[in-house]
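Enquirer: would you be able to build a 3D model of this:
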Amino acid sequence: MKGDRRQTQRRNWRTQWRYIPGLAAIMFGVGAIAGLTASRWSPTPSPGAGGDIAPALGLRDVPQPIVFNGRPQIDPLPKFEEVWECQVAVIGGSLGGVAAAAHAMASGATTCLIEVAPWLGGQISSQGVSALDESLRMRQANNLSPSWLRFRQLIKQQVVTLPAWSPGGTSRSVADINSCWVGTLCFLPQAGAKAAEQFLADTNPSAPASRWATMTAFKGAEFDASGRHITAVYGVRRIPKDPGYRPQGRLSAELANWYSWSPTAEFDRVPVKLQPPPGQRMIVIDATDTAELVAWAKVPYRLGSESQATTGEPNAAAFDNPDCTQAFTYPFALGIHNDGGDSLAALARLSPTHGIHEHQASFDLEGFPFFAGKSVFHYRRIVSQTRGNPYTSAPAPGDISMINWNRGNDWNWMDPPLILKAADLEAVGQHQNWMGGLSASALKFGEENALTFARWLIETQSGPNYPLAYLYGADSPMGTLSGLSMVPYFREGRRIVGRAAYGQDEFMIRENDLRYNFAGQRDFSPTAVGLTHYAIDIHGCRYRNWQPSGEAVTAPAQEPHVKPVQIPLESLIPRGVDNLLIGGKTLAATHIASSSTRIHYGEWQTGAAAGVTAGWLVSASAPVHYPPDIVPNGAIGSLQEMMRLQGLKTHW
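Expert: Numbering: from 1, shown residues only. Below you'll find the model as predicted:
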């Protein structure tokens, strides 16, 4: 699977997409599938609800179907057409998942990875945030890990396909068209997907029996009799019947189809089972951005914002609110290109659920110019035809900008919340038939908001010298018909609750650990498996009627006020399951702390640390077998040395 099929699909995605009758409906309307998905999977919103932590083997105040080991059980199971043997199983091909799989393979472990989206890479590809957020201080101090620097270089080397109207030619390397000011590397999402694929392929010879697949949804798992060890992971791969398949870019309408066990008009299905080789053990890594395996298996987690009473953080919210995860975003691309009004006319056909003026009321460029100098357009410019200075120059025809703007396509409304809470998952039967754990209604409203923002930008900023086109269909850098990212940028999902460590019964990295001059700071160096640094960058939440939201409005802090933080091993180890690690942004961190650890580099470090740990644990030389045994048995020093040998930094 890891070779021919994916290469064929990539060639197909690069081809000119032929016109489909009803394309406008796919882009800008929500049809029967979306309606059915929303009605079946969207919960009734619960504004202002209190905190929600799922206990290890059940849900508070909600009756549960109890099976022999206390974990959910899928009955009947489909006939698995493929059985993969894995020493390390990575669920989710996010940025952290790619790092986890690559570093597990580099340890010599036979590794399997499944990802629901058509592209690997998460933030940098299918989620559209193809502009790297990095700490200025880490760059200046040369504290970025060699592992990350190798991956960055791979991105820069990728050759990408530009629209046919591009004046500099349709085939260019990322290094030749890179110029933005959010960071030092901005690129087309296709480059992120290709680099992720190449990073895995380059590492594959260290564990040649490893395999990975996109368009493969997580569906559940199998536990031993104790409920503490995962013995198998279930997935279903979808195979497009149309060789020219391209995703709609309307996840609200595609969600049910992506997760279905059964064949549909669009896809054939291949049920897949991941299990350890005979007589061996398996370590599982949840590298999904919303902790899908954690939620399905009822592993303890927190969701949304926490109160000061819950965490003891000086700037925590006034009350716990599981609805209040950080705003999610559907990025899109605008190009300096005269399309004769085509894209504006298409955008104008959208009839959003909420009035267009309700959306436009929140749009604001916040004092930045749109084109000249240090502008919105240059902020995340992913194609620069002239490579002009992003702080001083003017853009040129053919330049393309990826739009991910706080007062624009961020969707922070919690009516309904995006992430389904534990009780909602139970109410709609997702423990028996996992469907992603998201609200289709919230996804739909976020899509409509992004499309409305694109229309507003063209109407207010486009002019004769700089005509703007919304890029969709064949010209879409996002690889979708609609021009929106394949899936939204998930800033925050569920976050695990750690085991007792560093003075806490339920370990979490806290705001106090990140900020200078705060009481209660802790030194994580004894068990550090990673190092990261970034601003406390919270994108907040609100209800439509502006009732109290429980967001941590006083917590944001710029980089100079934030300490470099060492990621302790304890933040990757959940409660109740002994062979599970976290490989991304859903580590044990509070709502405030996760706003610093969630960015590209932090997610990479966390995933890489999980991969090295998993690969080391299944090796013959490991003195222990499972993550919770490492620290109590004095093995953390050996693990940290393995981290350094694989090009990771654990200390400043």
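
Enquirer: how about the strands in the stretch 251-400 of the chain?
Expert: Counting by DSSP state E, counting those that start in this stretch, the stretch 251-400 of the chain has strands at residues 267-275, 283-286, 301-302, 328-329, 332-336, 381-383, 400-403.

Enquirer: mind listing what's buried along stretch 255-274?
Expert: Using 16 or more other Cβ atoms under 10 Å as the test for burial, stretch 255-274 gives 255-260, 267, 269-274. All C-beta spots, glycine's among them, are computed from the backbone N, C-alpha and C.

Enquirer: for the residue nearest to Thr597 when sequence neighbours are not counted, what are phi and psi?
Expert: Of all residues not flanking Thr597 in the chain, Ala589 sits nearest, at 5.5 Å (Cβ to Cβ, 6 or more residues apart in numbering). Main-chain dihedrals, Ala589, degrees, to the nearest 10: phi -140, psi 150.

Enquirer: and for the one 4 residues further on?
Expert: Recorded main-chain torsions at Ala593 are phi -60, psi -40, according to degrees, to the nearest 10.

Enquirer: so what's it closest to, chain neighbours aside?
Expert: Ala593 sits nearest to Ile509 (Cβ to Cβ, 6+ apart), 4.5 Å away.

Enquirer: now do Met414
Expert: In space, Met414 is closest to Asp323, 4.3 Å off (Cβ to Cβ, 6+ apart).

Enquirer: the one you found contacts Trp413, doesn't it?
Expert: No - the pair Asp323 / Trp413 is not scored as a contact, 9.9 Å apart, by Cβ atoms under 8 Å.

Enquirer: picking that back up, and for the residue nearest to Met414, the neighbour number?
Expert: 25 (other Cβ atoms under 10 Å).

Enquirer: cool, Glu366 as well?
Expert: Glu366: 9 surrounding residues under other Cβ under 10 Å.

Enquirer: same deal with Lys241?
Expert: Lys241, neighbours per other Cβ under 10 Å, totals 12.

Enquirer: that one against Arg269, yeah?
Expert: No - counting by Cβ under 8 Å, Lys241 stays clear of Arg269, with 11.0 Å between them.

Enquirer: show me the residue at the heart of the protein, geometrically.
Expert: Centroid check for the chain by Cα atoms, centre = their mean gives Asp289 as the closest residue, at 4.2 Å.

Enquirer: relative to Thr613, how far out is that residue?
Expert: The spacing between Asp289 and Thr613, counted by Cβ to Cβ, to the nearest Å, is 20 Å.

Enquirer: can you give me the strands for the stretch 401-550 of the chain?
Expert: For the stretch 401-550 of the chain, the strands defined by DSSP E, counting those that start in this stretch occupy 410-411, 468-470, 495-496, 528-532.

Enquirer: looking at those, which is closest to Ala99?
Expert: Comparison of the strands of the stretch 401-550 of the chain against Ala99 by Cβ to Cβ identifies strand 528-532 as nearest, at 10.2 Å.

Enquirer: packing partners for the helix or strand just after the closest one?
Expert: Under the assignment DSSP states H and E, the closest C-terminal helix or strand after strand 528-532 is strand 565-568. Helices and strands touching strand 565-568, by 3 or more Cβ pairs under 8 Å, 6 or more residues apart in numbering; DSSP states H and E, are strand 528-532, helix 591-597, helix 600-617.

Enquirer: export the ones you listed to JSON lines and tack on mean pLDDT and mean neighbour count?
Expert: As requested, those are exported to JSON lines (pLDDT from 0 to 100; neighbours: other Cβ atoms under 10 Å):
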{"stretch": "strand 528-532", "mean pLDDT": "97", "mean neighbour count": "25"}
{"stretch": "helix 591-597", "mean pLDDT": "98", "mean neighbour count": "27"}
{"stretch": "helix 600-617", "mean pLDDT": "98", "mean neighbour count": "30"}
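
Enquirer: do you know how far the residue lying closest to Leu162 once chain neighbours are set aside is from Arg522?
Expert: Leaving aside its sequence neighbours, Leu162 sits nearest to Thr170 (Cβ to Cβ, 6+ apart; 4.9 Å). As for Thr170, its distance to Arg522 is 52 Å (criterion: Cβ to Cβ).

Enquirer: who's more crowded, these two?
Expert: Higher neighbour count among Thr170 and Arg522: Arg522, with 16 against 12, using other Cβ under 10 Å.

Enquirer: and that one, what pLDDT?
Expert: If you check Arg522, the pLDDT there is 97.

Enquirer: ok, Asp75 next?
Expert: Looking at Asp75, the pLDDT reads 86.

Enquirer: give the contact list for the residue lying closest to Ile419 once chain neighbours are set aside.
Expert: Of all residues not flanking Ile419 in the chain, Thr325 sits nearest, at 5.6 Å (Cβ to Cβ, 6+ apart). By Cβ atoms under 8 Å, 6 or more residues apart in numbering, the contact list for Thr325 reads Leu303, Gly304, Ser305, Pro417, Leu418, Ile419, Arg491, Glu492, Gly493, Cys541, His591.

Enquirer: you'd agree the fifth one is up against Ser441?
Expert: No - applying Cβ under 8 Å as the test, Leu418 and Ser441 come out as separate, 9.3 Å apart.

Enquirer: so between these two, which is more surrounded?
Expert: Shown here are Leu418 and Ser441; by other Cβ under 10 Å, Leu418 has more neighbours (27 against 24).

Enquirer: report the separation between the closest residue to the more buried one other than its chain neighbours and Lys374.
Expert: Nearest residue to Leu418 in three dimensions, chain neighbours excluded: Ala442, at 4.2 Å (Cβ to Cβ, 6+ apart). Going from Ala442 to Lys374 by Cβ to Cβ gives 33 Å.

Enquirer: who's more crowded, these two?
Expert: Under the criterion of other Cβ under 10 Å, the comparison of Ala442 against Lys374 puts Ala442 first, with 25 against 13.

Enquirer: residues contacting that one?
Expert: Shown in contact with Ala442 (Cβ under 8 Å, 6+ apart): Ser42, Trp411, Trp413, Pro416, Pro417, Leu418.

Enquirer: swap in 7 Å and give it another go.
Expert: Contacts for Ala442 (Cβ atoms under 7 Å, 6 or more residues apart in numbering) come out as Pro416, Pro417, Leu418.

Enquirer: kindly report the same for Ala614.
Expert: With Cβ under 7 Å, 6+ apart, Ala614 has these contacts: Val88, Ala104, Ala109, Ile283, Ile285, Leu581.

Enquirer: cool, and His591?
Expert: Gly304, Ser305, Glu306, Ala552.

Enquirer: distance of it relative to Gly92?
Expert: 21 Å.

Enquirer: for Leu350, same thing?
Expert: For Leu350, the distance to Gly92 (Cβ to Cβ) stands at 31 Å.

Enquirer: picking that back up, need the helices and strands packed on strand 565-568 in a markdown table (columns: distance to Ser226).
Expert: Listed next are these as a markdown table, based on distance: least, Cβ to Cβ, whole Å:
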| stretch | distance to Ser226 |
| --- | --- |
| strand 528-532 | 26 |
| helix 591-597 | 30 |
| helix 600-617 | 18 |
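
Enquirer: can you tell me the helix or strand for Gln197?
Expert: Small correction: residue 197 is Glu, not Gln. Using DSSP H and E, the element containing Glu197 is helix 189-203.
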